[in-house]
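Asks: Predicted model, plus sequence, below.
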Amino acid sequence: MNPIESPLLQSLNPEQLVAVTYPSNQSLLVLAGAGSGKTRVLTSRIIWLLSTGQSVPQNILAVTFTNKAAKEMRSRIESALPYPIQDMWLGTFHSLCHRILRRYHEAAQLQKNFQIIDTQDQLSIIKRILKNSATVDNSITPKELANYINNNKEQGYRSDSPFLTAHNRYYLLNPYYEIYEQICRRENLVDFTELLLRCVETLKNNTLLQESLQHRFQHILVDEFQDTNDLQYQWLKLITGNNTSIFAVGDDDQSIYSFRGANVKNMQYLIRDFKITQPIKLEQNYRSTQIILDAANELIARNTDRIGKTLKSTQQQGELIKYNRAYSELEEGQFVLDEIKSRHRNGEPYYSMAVLYRNNAQSRAIEQSLFNANIPYKVYGGLRFYEREEVKHALAYLRLLVNPEDDHSLLRVINFPNRGIGPKSIENLQTKAQEIKGSLWHALLQEKSKNKNLASFYQIISDLHKQINQLSFPDLINELIHASGLIDYYQQKKGDFQNKIYNLHELVNATYSFDYQDIEQIFSDQSKSISAEEKIIAFLSNASLEAGERNAKNTNEHSDYVQLMTVHSAKGLEFDTVFLIAMEEGLFPSEYSLNSHDGLEEERRLMYVATTRAKKNLYLSSVYERYHQGRKNLALQSRFINEIPEHLIHYLSPKDNTPLVSNSLQNKKNTVSFKSPKDEPYALGIMVKHPSFGVGVIINRQAKAHSYLLTINFGQHGIKTLDSGFAKLETI
């Protein structure tokens with residue numbers, strides 16, 4: 001059969017056909033838009049090279065980002081060919097580096113039987129190092145040291161690298177990095193990050209090995225190229241010879257993992273380094289309606305650092321994007337709940353609907369709404385809110401306030417964050433409890449005079465317990481997460497640890513929205529008023545129910561449930577209906593991106609990914625007021641809403657920025673109404689931008705002789721009072 005007549009090629013659209021059949025001796029970047037069939041193109045390219053005799057399996061190396069993707073690709077290729085392909089190297093960066101190191105272990109200065117250790121094994125070694133050190137600083141946690149080691153390895157830095165001194169904890173952490181390297185060498189161990197770093201170092205130092213691999217791999221194919229980090233790109237360049245062609249598939253508009261080290265500029269470097277004259281753009285989208293794609297195109301076009309493409313749909317024009325602005329997060333949750341119930345009544349299964357959010361903390365209000373309505377749901381790619389480590393830590397402290405006899409909770413937090421109460425002290429405490437036949441708390445009462453660290457922990461719990469009846473429940477939780485040291489602990493971390501701070505503040509918010517009306521059912525005596533301690537017990541009971549019973553029902557992968565996830569977790573997935581909630585400045589885009597060009601562009605790429613997860617229906621949602629760190633703040637509509645042309649949106653609420661009075665709050669006092677006359681300077685309700693605090697809204701104005709004293713709500717940065725004569729404010 002003539003290859004051009006094969007079913008393989010006939011099923012491709014014109015752009016896919018050009019990419020798959022591109023001259024095999026030339027490198028190519030395929031700019032594959034969302035839903036454009038990039039995996040199909042990559043797989044078809046390999047089949048094309050083999051079926052036409054332009055290559056043989058042993059001359060091909062294909063790189064994926066997950067083992068699952070590698071297995072699926074291998075299965076598709078094998079089913080399309082009449083011969084085995086076991087000689088083809090196909091796998092993740094880590095698995096391919098492992099293969100090289102195992103085969104050429106002597107060149108890598110490794111013993112033949114070296115062992116790979118996983119994350120938990122690595123943490124165990126680090127704990128051993130810290131435990132055996134006579135001078136260890138109690139502020140160092142195993143997780144922090146592991147992150148320090150892994151982050152530096154991913155950048156190619158050993159413990160003796162001169163570049164490490166820039167780290168603010170270098171002098172504290174680096175000695176332990178050096179000890180860790182010595183132990184791994186002595187015990188013949190290799191961790192995940194070491195696989196890539198050791199492979200790069202080996203290829204650099206062994207020209208013969210490098211040339212051998214370059215001669216073997218005549219065709220290198222890479223999936224999800226936008227997610228490569230600097231070390232991975234360096235590795236690819238080292239195994240690419242003069243007669244090797246690279247076929248890379250990716251989408252710079254979907255590069256959303258910079259916090260993991262991904263460098264979107266690698267796509268530009270690839271074009272430069274491999275003399276690619278013109279990338280092939282796959283712009284035909286097989287997933288979403290044209291309305292959704294028009295919105296995505298308009299959004300991403302505002303980014304300047306991109307190669308550029310425009311998605312076109314094979315589907316119908318579709319329905320307008322629906323946007324609702326609720327008064328509060330409770331009403332936002334009710335809106336999403338009502339729409340889910342309506343769509344389900346009309347025949348749409350729960351599993352085809354997803355609720356997306358920027359960070360995990362924002363799932364709490366939606367979880368509460370779905371749970372109360374008995375609608376099945378599953379939190380994808382992460383733990384449910386009350387199952388998350390930092391939330392469980394805070395709840396353990398809370399349990400001790402109402403039940404000091406709770407040994408399990410005490411053991412969880414007695415030395416978290418680290419306060420110098422080591423295993424020996426805890427062992428002595430347990431021995432004492434056995435002697436007096438009492439709880440660990442009773443033992444602690446007797447032992448605290450002998451141990452200042454035990455005394456410090458006792459004082460924290462005792463002081464918090466005294467405040468149960470002095471503070472409101474939200475204020476008590478807020479005091480707890482600070483007095484316990486949880487906030488300080490996570491603030492010292494970087495990367496994903498910021499989400500843990502969000503979750504702790506969201507726990508404070510949860511106490512505001514918790515329904516206390518049914519508490520009486522928990523207690524037998526309904527004639528008396530509900531005490532502060534009983535409120536805590538009711539709240540803890542509710543948290544346990546949400547984390548336990550409902551989760552057990554959702555373990556079946558094939559059950560029908562609404563899916564909840566962060567936008568990062570949703571990448572690569574698709575749903576008929578998507579609800580994108582909490583579309584507010586400081587949340588999405590994140591407050592940490594607002595003063596950074598690169599950060600804001602990545603947030604917009606994240607919005608692009610979120611938008612293109614929807615196949616048929618896209619809902620956007622924001623609120624006028626949202627609790628943050630236990631305080632109600634005026635929320636500003638996300639700029640991403642404004643960047644979508646109005647003709648693509650069906651507004652389910654008024655389009656202006658004036659806060660509306662909630663239906664449920666109309667009878668309450670202190671409801672604020674703003675007027676925004678455009679002819680007045682710094683009028684109430686208008687938005688301004690500050691160089692440090694970002695975007696805010698003016699909520700009060702007091703005239704001075706030559707200026708105004710302005711009270712401005714900066715969302716995540718809180719409420720600030722500034723003098724318009726000195727503050728560098730820009731009206732928006």
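Replies: Yep, that arrived. Residues are numbered from 1 along each chain as shown.
Asks: which residues are in contact with stretch 158-174?
Replies: Contacts to stretch 158-174, defined as CB atoms under 8 Å, 6 or more residues apart in numbering, come from residues 137, 139-140, 144-145, 148, 152, 155, 157, 177-178, 180-181. Glycine gets a C-beta too; all of them are placed from N, C-alpha and C.
Asks: Contacts made by stretch 67-84 with the rest, please.
Replies: Here stretch 67-84 makes contact (CB under 8 Å, 6+ apart) with 8, 39, 42-43, 46-47, 50-51, 57, 62, 64, 85, 88, 90-92, 95, 223.
Asks: again, but for stretch 134-150
Replies: With contact meaning CB under 8 Å, 6+ apart, stretch 134-150 is reached by 119, 122-123, 126-127, 129-130, 167, 169, 172-173, 176-177, 180, 191-193, 417-420, 489, 492-495.
Asks: tell me the phi and psi of the residue nearest the centre of the chain?
Replies: Nearest to the geometric centre of the chain sits His568, at 5.4 Å (CA atoms, centre = their mean). The phi/psi pair for His568 (degrees, to the nearest 10) reads phi -60, psi -40.
Asks: you'd agree it is up against Ile256?
Replies: Yes: His568 lies in contact with Ile256 (CB atoms under 8 Å); the separation is 6.2 Å.
Asks: Give the residues shared as contacts by the two.
Replies: Common neighbours of His568 and Ile256 (criterion: CB under 8 Å, 6+ apart): Leu606.
Asks: Just the buried subset of the contacts of stretch 158-174, please.
Replies: Neighbour-count burial (16 or more other CB atoms under 10 Å) applied to those gives Ile140, Glu144, Leu145, Tyr148, Asn152, Gln155, Tyr157, Tyr177, Tyr180, Glu181.
Asks: Shouldn't the second one be within a helix?
Replies: Yes: counting by DSSP: H, G, I helix; E, B strand; the rest coil, Glu144 falls inside a helix.
Asks: Near Pro681, how many other residues are there?
Replies: When counting by other CB atoms under 10 Å, one arrives at 10 neighbours for Pro681.
Asks: Assign a three-state SS to it, would you?
Replies: What three-state DSSP gives for Pro681 is coil.
Asks: Over to the one 3 residues further on?
Replies: Here Leu684 is recorded as coil under three-state DSSP.
Asks: wait, it sits on Gln702?
Replies: No: the criterion here is CB under 8 Å, and Leu684 misses it with Gln702 at 11.3 Å.
Asks: Let's have the buried ones among the contacts of stretch 158-174 in CSV, adding distance to Pro376, pLDDT and secondary structure.
Replies: Output for the buried ones among the contacts of stretch 158-174, formatted as CSV (distance: CB to CB, whole Å; pLDDT from 0 to 100; DSSP: H, G, I helix; E, B strand; the rest coil):
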residue, distance to Pro376, pLDDT, secondary structure
Ile140, 43, 84, coil
Glu144, 38, 87, helix
Leu145, 41, 91, helix
Tyr148, 41, 90, helix
Asn152, 44, 89, helix
Gln155, 43, 86, coil
Tyr157, 47, 91, coil
Tyr177, 46, 94, helix
Tyr180, 45, 93, helix
Glu181, 48, 93, helix
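Asks: Among these, give me the pair with the biggest separation.
Replies: Spatial extent of the buried ones among the contacts of stretch 158-174 (CB to CB) is set by the pair Ile140 and Gln155 at 20.5 Å.
Asks: Just give me the neighbour total for Gly53.
Replies: Neighbour number of Gly53 under other CB under 10 Å is 8.
Asks: So it belongs to a helix, correct?
Replies: No: Gly53 is assigned coil when assessed by three-state DSSP, not a helix.
Asks: Just the element for Leu454, please.
Replies: Using DSSP states H and E, Leu454 maps to helix 452-466.
Asks: Taking the contacts of stretch 134-150, please make a PyMOL selection of just the buried ones.
Replies: Buried members of those can be picked out in PyMOL with the line below, counting by 16+ other CB under 10 Å:
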select buried, resi 122+126+129+130+172+173+176+177+180+191+192+193+417+418+419+489
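Asks: Now intersect the contacts of stretch 134-150 with the helices, please.
Replies: 119, 122-123, 126-127, 129-130, 172-173, 176-177, 180, 192-193, 489 (DSSP state H).
Asks: Report the two of those separated the most.
Replies: In these, the most distant members under the criterion CB to CB are Phe192 and Tyr489, with 25.2 Å between them.
Asks: Check the spacing between Lys312 and Glu187 real quick.
Replies: Going from Lys312 to Glu187 by CB to CB, to the nearest Å gives 56 Å.
Asks: Settle it for me: which of those two has more neighbours?
Replies: More crowded of Lys312 and Glu187, by other CB under 10 Å: Lys312, with 14 against 11.
Asks: ok, now which ones touch that one?
Replies: Glu283, Gln284, Asn285, Gln290, Leu293.
Asks: cutoff 10 Å now
Replies: Counting by CB atoms under 10 Å, 6 or more residues apart in numbering, Lys312 touches Gly33, Ser36, Glu283, Gln284, Asn285, Gln290, Leu293, Asp294, Asn297.
Asks: Name the helix or strand for the last one, please.
Replies: Spelled out, that is Asn297. Assessed by DSSP H and E, Asn297 sits inside helix 290-300.
Asks: list the helices and strands that helix packs on?
Replies: In terms of contacts (3 or more CB pairs under 10 Å, 6 or more residues apart in numbering; DSSP states H and E), helix 290-300 is packed against strand 284-285, strand 312-313, strand 321-326, helix 597-611, strand 614-623, strand 649-651.
Asks: make it 6 Å
Replies: The contact analysis (3 or more CB pairs under 6 Å, 6 or more residues apart in numbering; DSSP states H and E) places helix 290-300 against helix 597-611.
Asks: ok, how many other residues are close to Lys437?
Replies: Applying other CB under 10 Å, we find 7 residues neighbouring Lys437.
Asks: what's it sitting at in phi/psi?
Replies: Lys437 has phi and psi values of phi 50, psi 50 when expressed as degrees, to the nearest 10.
Asks: Read off the pLDDT value for it.
Replies: If you check Lys437, the pLDDT there is 84.
Asks: can I assume Trp441 is in contact with Pro404?
Replies: Yes: contact criterion CB atoms under 6 Å: Trp441 and Pro404 qualify, at 4.1 Å.
Asks: next structured bit after the least confident helix or strand in the chain by mean pLDDT?
Replies: For the chain, using mean pLDDT, DSSP states H and E, the weakest element among its helices and strands is helix 532-553, scoring a mean of 64. Scanning forward in sequence from helix 532-553 by DSSP H and E, the next helix or strand is strand 562-566.
Asks: Contact partners for Thr511?
Replies: By CB atoms under 6 Å, 6 or more residues apart in numbering, the residues touching Thr511 are Phe473, Pro474, Ile477.
Asks: Look up how far Leu710 lies from Phe726.
Replies: Distance of Phe726 to Leu710, given as CB to CB: 11 Å.
Asks: nope, Tyr512 is what I meant
Replies: Computed as CB to CB, the Tyr512 to Leu710 distance reads 27 Å.
Asks: More neighbours: these two, which one.
Replies: Higher neighbour count among Tyr512 and Leu710: Leu710, with 21 against 17, using other CB under 10 Å.
Asks: Please report how far the more buried one lies from Ala727.
Replies: For Leu710, the distance to Ala727 (CB to CB) stands at 7 Å.
Asks: ok, how many other residues are close to Ala538?
Replies: Ala538 has 20 neighbouring residues, counting by other CB under 10 Å.
Asks: no wait, His706
Replies: Neighbour number of His706 under other CB under 10 Å is 8.
Asks: again with Gln498
Replies: As a burial measure, Gln498 scores 17 neighbours (other CB under 10 Å).
Asks: In a strand, it, correct?
Replies: No: according to three-state DSSP, Gln498 belongs to no strand; its state is helix.
Asks: Restricting the selection to alpha carbons, write stretch 35-42 to PDB.
Replies: Taking C-alpha atoms only, stretch 35-42 is exported to PDB below (Å, rounded to 0.1, in the frame of the first residue of the first chain):
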ATOM      1  CA  GLY A  35      -7.600  19.500  22.300                       C
ATOM      2  CA  SER A  36      -5.700  19.400  19.000                       C
ATOM      3  CA  GLY A  37      -4.600  15.800  19.100                       C
ATOM      4  CA  LYS A  38      -0.900  16.100  20.100                       C
ATOM      5  CA  THR A  39      -0.600  12.600  21.500                       C
ATOM      6  CA  ARG A  40      -2.000  11.200  18.300                       C
ATOM      7  CA  VAL A  41       0.500  13.200  16.200                       C
ATOM      8  CA  LEU A  42       3.500  12.100  18.300                       C
END
